[in-house]
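[1] fold the stuff below for me.
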Amino acid sequence: MKPSAQIRLRQKAIKNAVFQAQKKAAKELVQILIDAIRMRVRQLHLLSNEKTIPKLKPSTVLYRERYSKNLAQDTSPKTSNATATGQMIDSMRGKATGTKITIDLKPARKKELSGSKSTQTNVEVNKWYEKGKGEWFGLSEKDKQEGIDYATELIKEEIKKVLK
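    Numbering: from 1, shown residues only. Here you go, the predicted structure:
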């Protein structure tokens, strides 16, 4: 086989390895990025990381104490987790299509703390929340950089396998 044909075969193998690594990275990054958003919110930071989630009003604390058995496991009546039951955080879902990643909120909500049926979707509650308190849903610059670094390492590993 001529050297130029070998080079073309190697280039094709590298290109395929990169594409497969990108797809693999996208699938794995979906959950990694969702977990990063959850962790940031549970540490009471909004998307900008410059602001923290505001403290709850005394009336909200009393309401949450009354229905504390219905709160999410990782919160308390006095600690905000961006939603009364953590529903917005738990409603995040992600999808990897090829190399594209999409993260959004499932629209349906569970019952409110009081047990009554919710009249709003998670998307509507999110708009209300972000208007009044600040943006929490999305990727910070740190999240984006960590995702890029992770994907870059995966791609490097795949290229090294082809070049052996």
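
[2] contact partners for the residue most central in space within the chain?
    Nearest to the mean C-alpha position of the chain, by Cα atoms, centre = their mean, lies I34 at 2.2 Å. With contact taken as Cβ atoms under 8 Å, 6 or more residues apart in numbering, I34 is in contact with 92-94, 103. C-beta coordinates here come from the backbone N, C-alpha and C atoms, glycine included.

[3] out of the residues you listed, grab the one that's most surrounded.
    Among the contacts of I34, M92 has the most neighbours (other Cβ atoms under 10 Å), with 19 neighbours.

[4] quick check: which element contains the residue nearest to it when sequence neighbours are not counted?
    Distance criterion Cβ to Cβ, 6 or more residues apart in numbering; nearest residue to M92, sequence neighbours excluded, is I34 at 5.0 Å. Using DSSP states H and E, I34 maps to helix 3-42.

[5] and whichever strand or helix holds I155, how far from the chain's centre?
    Per DSSP H and E, I155 falls inside helix 141-163. Distance, stretch centre to chain centre, for helix 141-163: 18 Å (Cα atoms, centre = their mean, to the nearest Å).

[6] can you check stretch 106-113 too?
    With Cα atoms, centre = their mean, you get 18 Å for stretch 106-113.

[7] related to what we said a few turns ago, give me the mean pLDDT for the helix holding I34.
    Throughout helix 3-42, pLDDT has a mean value of 86.

[8] and that helix with helix 141-163, angle?
    150 degrees (axes from the mean of the first three to the mean of the last three Cα atoms, to 10 degrees).

[9] list the buried residues for helix 3-42?
    Residues of helix 3-42 classed as buried by neighbour count (16 or more other Cβ atoms under 10 Å): 17-18, 21-22, 24-27, 29-30, 33, 36-38, 40-42.

[10] any stretches of this protein with poor pLDDT?
    1, 49-50, 81-85 (pLDDT under 70).

[11] so G86 sits against T75, correct?
    Yes. Counting by Cβ atoms under 8 Å, G86 touches T75, with 6.3 Å between them.
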